[in-house]
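Chemist: Give the three-dimensional model of this entry:
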Amino acid sequence: MPHDLSAWARISPYLDQALDLAAGERASWLEQLEQTDVQIARTVRNLLGEIEALNHKGYLEKSPLLSTSLNDLMPALEQMVRERVEVESGEWLQNQPGVAQSMAREDRQPGLATVV
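Modeler: Take a look at the predicted model:
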């Protein structure tokens with residue numbers, strides 16, 4: 001697996017080309033590539049093996065979410081938005097009077113007017 005950007009830039013076009021080929025064509029193409037650049041051919045072969053293993057496991061065939069229905073997800077999304085708005089606007093402090101009063105006492109500096 002290429003670990004730096006320049007190595008990936010060299011290997012990526014070969015991997016793309018290999019993925020565009022049918023399985024039978026790919027084997028002969030890799031043999032030809034080995035004649036010109038053994039290291040790139042080896043890396044492409046390893047990457048193709050990793051891709052094949054992931055495909056065999058069913059990686060990305062289904063969503064990791066239990067449900068992808070928007071109707072099922074909306075309550076959670078609405079709650080996230082509501083919480084974000086409350087935090088950004090400071091409304092959450094209105095629902096926590098003890099916290100607000102405590103923060104007001106702790107942050108109060110002598111000589112400044114305070115509103116309670």
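Chemist: For the strand or helix carrying G24, enumerate the helices and strands it packs against.
Modeler: Assigned by DSSP states H and E, G24 belongs to helix 23-36. On a contact count with 3 or more CB pairs under 8 Å, 6 or more residues apart in numbering; DSSP states H and E, helix 23-36 meets helix 5-20, helix 38-57. Where C-beta positions appear, they are placed from N, C-alpha and C, glycine not excepted.
Chemist: what's downstream of the longest one, the next helix or strand?
Modeler: Translated: helix 38-57. Once the chain leaves helix 38-57, the next helix or strand it forms, by DSSP H and E, is helix 70-89.
Chemist: quick one: average pLDDT of that next one?
Modeler: Averaging pLDDT along helix 70-89 gives 77.
Chemist: where does this structure dip in pLDDT?
Modeler: 1-2, 63-68, 87, 90-116 (pLDDT under 70).
Chemist: Let's have the helices and strands packed on helix 23-36 in CSV, adding mean neighbour count.
Modeler: CSV is the format used below for the helices and strands packed on helix 23-36 (neighbours: other CB atoms under 10 Å):
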stretch, mean neighbour count
helix 5-20, 13
helix 38-57, 13
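Chemist: mind giving me TSV with those and columns for distance to R82?
Modeler: Listed next are the helices and strands packed on helix 23-36 as TSV, based on distance: least, CB to CB, whole Å:
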stretch	distance to R82
helix 5-20	41
helix 38-57	38
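Chemist: domains for the protein, by residue range?
Modeler: According to automatic domain parsing, the chain comprises the domains 5-57, 70-107.
Chemist: what's the span of the longest one from first residue to last?
Modeler: Using CA to CA, to the nearest Å, one end of domain 5-57 lies 28 Å from the other.
Chemist: ditto for stretch 62-77
Modeler: Stretch 62-77: ends 21 Å apart by CA to CA.
Chemist: Now the phi/psi pair for the residue nearest to W29 when sequence neighbours are not counted, please.
Modeler: Spatial nearest neighbour of W29, chain neighbours left out: L21 (5.7 Å); criterion: CB to CB, 6 or more residues apart in numbering. When read as degrees, to the nearest 10, the backbone of L21 gives phi -90, psi 150.
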